[in-house]
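Student: A predicted structure for the sequence below; I have some questions about it.
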2 protein chains.
Amino acid sequence: MKPCRIAILGSTGSIGLNTLKVVDQNPGRFRVVALTAYNNFELLEGQIKKYKPSHVAVGPEGLDHFKSSGIKGVKFYPVVDCAEIASLKEVDTVVLAMSGTGALMPFLAAVRAGKTVAPANKEALVIAGDLIMKEARKHQARIIPIDSEQSAIFQCLEGQRSKPVSVHLTASGGPLREVPSKDFKRMTPRDILRHPRWKMGPKITVDSATLMNKGFEVIEAKHLFNLGCDQIKVLVHPEAIIHSMVEFADGSLLAQLGVTDMRLPIQYALTYPDRLPTGLKDLDLAQLGSLNFEKPDLKRFPSLELAFEAGRLAGTMPAVLNAADEEVVEAFLKGKIGFLSIYKVVEKVFLRHRIVKNPSLKEILEADQWAREEAKKIMEPRLRC
Amino acid sequence: MKPCRIAILGSTGSIGLNTLKVVDQNPGRFRVVALTAYNNFELLEGQIKKYKPSHVAVGPEGLDHFKSSGIKGVKFYPVVDCAEIASLKEVDTVVLAMSGTGALMPFLAAVRAGKTVAPANKEALVIAGDLIMKEARKHQARIIPIDSEQSAIFQCLEGQRSKPVSVHLTASGGPLREVPSKDFKRMTPRDILRHPRWKMGPKITVDSATLMNKGFEVIEAKHLFNLGCDQIKVLVHPEAIIHSMVEFADGSLLAQLGVTDMRLPIQYALTYPDRLPTGLKDLDLAQLGSLNFEKPDLKRFPSLELAFEAGRLAGTMPAVLNAADEEVVEAFLKGKIGFLSIYKVVEKVFLRHRIVKNPSLKEILEADQWAREEAKKIMEPRLRC
């Protein structure tokens, strides 16, 4: 079997590093053709030496560094050229391991080039899911999600001849699940980041605290599995062992379970349709003892409902939600606004937005820009007082 | 679409009645061509009038009754001719809803005739799984199990391109799960039958108390899914919401979940590969709150280990285990032996048996007969003291 030639966009982040562990776990199965990273160019240099990619994109500082490094056999690109990397003819599978809206152009380029795309990135599908899925269908590009919830749904639906009537996205409940609502207003970035259920970046940890993260996954699932928002349910499941479920017309559910390690969905996406040993510990439900479930509390976590509504409204609204959330969470992390203001500001931007239906890429990017500015405007007076 | 023509063998028992409810739930989808029942001929008469089958097999008393009943358009058969019913050319799917070894000949006849067989019966596959599966493959007969655990595994594997490395059969744990071992010796049939976790016949309730029932399912799963016994795990899960799971090489598990109602797996088997509404309540995990898991305690329930061993030894041993258990449980239910003697007697028969490898049907039936006599012999002195 020829090795699968992969490009890892965002190779120095958590998903990128886990992707390289999967490569190590399966000698001969993969060839790393391209790597990209924004600024951790020292780590990237080690990866270049080990995996010998022929194409590397990196931020400005790294580009300067590598130009004088004397590394041979590698074509270096500025990081803005990730889309070019994603559509290289010598690439079979593109792992979208970078976070943020910067993944949008590479995602579109990859599907237009008919690649298999393994996205861990949420933002691209949230803001431009319709466009991406349309292009993927047109160019017969396969999308196998890496996000554990979406991977679970993908795995449950694999080969099933019946369409699901609904999917159940499980949610850990985030760091505030057991914190009384009355304490929410006092929550500082430190409080939130000190209690993440698993180690993640600060932005996603805050989104996990508001459940906005789960809301984004709702919009993502809508696109990936061609569902209506009302076919998507969210179920709080603190142990995060059931990674998600699908429900069929007869009331039967299929669930995908496993240890919580990103190497599992990454390897599944990269070796699909094969399943190979991961070297991870087996899931031992008897040792775990119990799995718990509860409804998400939409009163305490109104961001989730807002995301559902954005998904229903569609058009430019999900892009606006994503952009506003990004700005507002950044302000919270910098200590500029309080925790409860996150929802309030995002909701204001949401309410002020005039949706463009079936938007072009340009209209999506304009809406994104508008939402960021609007969010900043709303937060401005707060900064003063 | 032409209606699926079904024969229900054992139409007056619990599975038979639930199968007819599934028929009622899906008007026009099925035509009941044949019904059989051993002795509840009054209930059977009502079914004949409602579903108008053209073929009916019934026990001697019923046969006399129907001969003088003046019912027209029905061909009546003695119940020993169930195999003939199972292979009628006007039948598409045979529901094996009867319990006991009497299902063996109809099962074999049905697969030899290339029918789709939906077995709820355990005994036939336990005692002659190799023969049945060989004939099924030869005649391209499809077997879609109705037993909820086996149906779960079937559903999880449906369309998956990877073979499982193991399957996890869930077990409620039976009526003695929370009873201290020291009280086992005092357990009367009344104690056992008073505490079944769900309503089942007395024989299967006792088998559920010893976990022998789960052991039989292990042997059944071995045949249905072409597994080694060491690929089959048993997991105690008192809520019985996860009906069973399959595990793949990458450590990922798929589970099938649903409300505990036999109409779900029955309808799945009958409408496969379609999934249609069942009219049953949706599973609400949040309302349920938690699912619990523990290892089966093989010290307290050694019958489970004995069944695993019989499955590994194969040949005539599973038939011997099944026959001995049937005799011994009957003696327990009649108050002739104590609860702890069930295991002791079955184990003695097991140890005394000289296995015939790759047995013919005749050798299987001989081993069955031998085991029954041997069990009786072992129990004899106890009857005297």
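Tutor: The structure has been received and is ready for your questions.
Student: stretch A:266-285 near chain B anywhere?
Tutor: Yes: applying Cβ under 8 Å from any Cβ of the partner chain, one finds that stretch A:266-285 is in contact with chain B at A:267-268, A:271, A:273-278, A:280-283, A:285. No exception for glycine: its C-beta is placed from N, CA and C like everyone else's.
Student: any buried residues in that stretch, and which?
Tutor: A:266-272, A:274-276, A:278, A:280, A:283, A:285 (16 or more other Cβ atoms under 10 Å in any protein chain shown).
Student: closest one of these to A:Leu333?
Tutor: Nearest to A:Leu333 among these, counting by Cβ to Cβ, is A:Ile266 at 27.2 Å.
Student: which stretches of chain A form strands?
Tutor: A:4-9, A:30-37, A:55-58, A:75-78, A:93-96, A:116-119, A:166-171, A:232-236, A:242-247, A:253-257, A:290-292 (DSSP state E).
Student: right, and the ones you listed - which one's nearest A:Asp207?
Tutor: strand A:166-171 (11.4 Å).
Student: could I have the closest one exported to CSV, CA atoms only?
Tutor: Output in CSV follows, covering the C-alpha atoms of strand A:166-171 (Å, rounded to 0.1, in the frame of the first residue of the first chain):
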residue,chain,number,x,y,z
SER,A,166,-31.6,13.2,15.2
VAL,A,167,-28.1,13.3,16.6
HIS,A,168,-27.2,13.7,20.3
LEU,A,169,-24.1,15.8,20.8
THR,A,170,-22.7,15.1,24.3
ALA,A,171,-21.1,17.9,26.3
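Student: in the stretch 101-250 of chain A, what residue comes closest to chain B?
Tutor: The minimum distance from the stretch 101-250 of chain A to chain B, using Cβ to the nearest Cβ, falls at A:Gly159 (1.9 Å).
Student: how far away is that residue from A:Phe66?
Tutor: Computed as Cβ to Cβ, to the nearest Å, the A:Gly159 to A:Phe66 distance reads 44 Å.
Student: again, but for A:His55
Tutor: 12 Å.
Student: before we move on, the earlier item: looking at the buried residues of stretch A:266-285, which is nearest B:Leu17?
Tutor: Taking these together and measuring to B:Leu17 by Cβ to Cβ, the closest member is A:Leu285, at 33.5 Å.
Student: quick check: closest non-adjacent residue to that closest one.
Tutor: B:Phe293 (4.1 Å; Cβ to Cβ, 6 or more residues apart in numbering or on different chains).
Student: is it correct that that neighbour is in contact with B:Lys233?
Tutor: No: contact criterion Cβ atoms under 8 Å: B:Phe293 and B:Lys233 do not qualify, at 11.4 Å.
Student: these two: who's more crowded?
Tutor: For B:Phe293 and B:Lys233, the more surrounded residue by other Cβ atoms under 10 Å in any protein chain shown is B:Phe293, and the numbers stand at 20 against 16.
Student: which stretches of the stretch 201-350 of chain A form helices?
Tutor: A:202-210, A:212-224, A:263-271, A:285-288, A:302-313, A:317-333, A:339-352 (DSSP state H, counting those that start in this stretch).
Student: report the angle between the last one and helix A:302-313.
Tutor: Comparing the axes of helix A:339-352 and helix A:302-313 via axes from the mean of the first three to the mean of the last three Cα atoms, to 10 degrees yields an angle of 20 degrees.
Student: residues in contact with helix A:339-352?
Tutor: Here helix A:339-352 makes contact (Cβ atoms under 8 Å, 6 or more residues apart in numbering or on different chains) with A:184-188, A:192, A:206, A:209-210, A:212, A:302-303, A:306, A:309-310, A:317, A:320-321, A:324-325, A:328-329, A:331-332, A:337, A:371, A:374-375, A:378-379, A:382.
Student: if we can go back for a sec, neighbours of the closest residue to the residue of the stretch 101-250 of chain A closest to chain B other than its chain neighbours, just the number please.
Tutor: Spatially, and ignoring its direct neighbours in sequence, A:Gly159 is nearest to B:Gly159 (1.9 Å; Cβ to Cβ, 6+ apart). By the criterion of other Cβ under 10 Å, B:Gly159 has 13 neighbours.
Student: sounds good, over and out.
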